[in-house]
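K.L.:
what's the 3D shape of this:
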Amino acid sequence: MSLTAEETAELINETVPTIEQERGRRNTRFQLSLVSISKICKRNIVDTVFLNNLASELLNMGWCMFQVENTRWGFIKKKSVESWVKFSNKRFV
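P.N.:
Presented below is the predicted three-dimensional model:
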């Protein structure tokens, strides 16, 4: 049976600390291919609606999800992004 976006987000969020323990260091960012996401959520087709819902659920859990390439997604801890320099639109006009 396939997982919902919420269940998939919970699984990803719960697995990261396990990977951190195995690697022996904190992990604030990682990548997953669309194939990996498909296997994690047990779905043959992962559409944009599911990916948007997954990104929303992960954001609530402190992870930002964004598309890196056509079939690759990046994940970064929200706290890491919050410390980035902020630009305003005035710099671009």
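
K.L.:
next structured bit after the lengthiest helix in the chain?
P.N.:
In the chain, ranked by residue count with DSSP state H as the criterion, the top helix is helix 5-23. As assigned by DSSP states H and E, the chain's next helix or strand after helix 5-23 is strand 29-33.

K.L.:
quick check, distance from that following strand to the centre of its chain.
P.N.:
Computed by Cα atoms, centre = their mean, to the nearest Å, the separation of strand 29-33 from the middle of its chain amounts to 7 Å.

K.L.:
any idea how far Val46 is from Gly62?
P.N.:
22 Å (Cβ to Cβ, to the nearest Å). Yep, even glycine has a C-beta here, placed from its N, CA and C like the rest.

K.L.:
Check Phe30 too.
P.N.:
Separation of Phe30 from Gly62 (Cβ to Cβ): 14 Å.

K.L.:
These two: which has the busier surroundings?
P.N.:
Between Phe30 and Gly62, counted using other Cβ atoms under 10 Å, the more crowded position is Phe30 (14 against 11).

K.L.:
Remind me which helix or strand the residue lying closest to the more buried one once chain neighbours are set aside belongs to.
P.N.:
Beyond its immediate neighbours in the sequence, the residue positioned closest to Phe30 (Cβ to Cβ, 6 or more residues apart in numbering) is Phe75, lying 5.4 Å away. Under the criterion of DSSP H and E, Phe75 resides in strand 72-77.

K.L.:
What pairs with that strand, parallel or antiparallel?
P.N.:
Each strand paired with strand 72-77, and its direction, by DSSP bridges: strand 29-33 (antiparallel), strand 63-69 (antiparallel).

K.L.:
Can you point out the buried residues in it?
P.N.:
Trp73, Phe75, Ile76, Lys77 (16 or more other Cβ atoms under 10 Å).

K.L.:
Could you give the bridge partners of the second one?
P.N.:
Each beta-bridge partner of Phe75 is listed here, defined by DSSP bridges: Phe30, Met65.
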